[in-house]
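Enquirer: Predicted model, plus sequence, below.
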Amino acid sequence: MEADKDRDTANQHIALQQPYPQDIHAVLRELTAALAEQRVKIAFLEKENQDHVTKLKELEKKEIETDKKLQQLQVKQVAFSASLLDQGHGDIGPFNSQITLIFKHVVTNIGNAYNPHTGIFTAPVRGVYHFEWSLYGYGNIGTGGVLFRNGENIFLAYEQQTSGGVSASNGASLLLEVGDQVSVRLWAGARIHDNQNHQTTFSGHLIFTM
């Protein structure tokens, strides 16, 4: 009898330790609801984060556009004018090949696009520019200079006579990309002269941007 009582008591303890099926279903429902709530929160946070990223990209784009507009406003004023010699008088040429002329006496260089150390103008913005160059010479040696865009021969200014002074000039309007370089090269076999009157010159300016 004692053994039977002990078995009944043990079975009762085991039955008490085992959860009822309805309790398990309730726990599962709570977990499912909590998980769904977490998923909703995660989705909301992801959308909120994506909205922040989108707004940040829009702000960055506007900032870039503003910088470009400011840059364009700043570089709309581009103009330079220079003569060959900074002081005194003298000749350049003749040479067997073309050389880039360095116009050292700068009277105007708005935008600093012209380099008086190299004689090269570098376009700071895409647009149409106008250039003019005038060369003075004398005697029976030709006076000439050619306008170059990068490595391309654009227009030549050339004159020659048997004696006395002579002047050659020309002009051109060019569509330039940012970084394009423009210069005047002494024509092979030609000679030019400059003095305190600054008769040999190179000038250019931006007409409009594109």
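Expert: That came in fine, so what should we check first?
Enquirer: And the pLDDT at His205?
Expert: Model confidence at His205, expressed as pLDDT, equals 98.
Enquirer: For the strand or helix carrying Lys57, give the mean pLDDT please.
Expert: Using DSSP states H and E, Lys57 sits in helix 21-75. Taken as a whole, helix 21-75 has a mean pLDDT of 79.
Enquirer: For it, name the packing helices and strands.
Expert: strand 201-209 (3 or more C-beta pairs under 8 Å, 6 or more residues apart in numbering; DSSP states H and E). Quick note: C-beta positions are derived from backbone N, CA and C, even for glycine.
Enquirer: helices or strands up against the strand it packs on?
Expert: Partner elements for strand 201-209 (3+ C-beta pairs under 8 Å, 6+ apart): helix 21-75, strand 79-83, strand 127-138.
Enquirer: How far off centre is the helix holding Lys57?
Expert: 33 Å (C-alpha atoms, centre = their mean, to the nearest Å).
Enquirer: sorry, back to before: export the helices and strands packed on strand 201-209 to CSV and append columns for distance to Ser183 and mean neighbour count.
Expert: Putting the helices and strands packed on strand 201-209 into CSV (distance: least, C-beta to C-beta, whole Å; neighbours: other C-beta atoms under 10 Å) gives the following:
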stretch, distance to Ser183, mean neighbour count
helix 21-75, 20, 10
strand 79-83, 12, 20
strand 127-138, 10, 21
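Enquirer: Including distance to Ile92, could these go into CSV?
Expert: Below are the helices and strands packed on strand 201-209 laid out as CSV (distance: least, C-beta to C-beta, whole Å):
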stretch, distance to Ile92
helix 21-75, 32
strand 79-83, 12
strand 127-138, 10
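Enquirer: Nearest to Asn112 among those would be which one?
Expert: Minimum separation from Asn112 across the helices and strands packed on strand 201-209 (C-beta to C-beta) falls at strand 79-83, 8.5 Å.
Enquirer: ok, that closest one: who's next to it in the sheet?
Expert: Strand pairing for strand 79-83, determined by DSSP bridges: strand 105-110 (antiparallel), strand 201-209 (antiparallel).
Enquirer: Quick check: Tyr114 vs Gln199, distance?
Expert: 19 Å (C-beta to C-beta, to the nearest Å).
Enquirer: what do you get for Ala168?
Expert: Going from Ala168 to Gln199 by C-beta to C-beta gives 11 Å.
Enquirer: Looking at those two, which one has more neighbours?
Expert: Ranked by neighbour count (other C-beta atoms under 10 Å), Ala168 and Gln199 place Ala168 first, with 22 against 18.
Enquirer: Nothing else from me, thank you.
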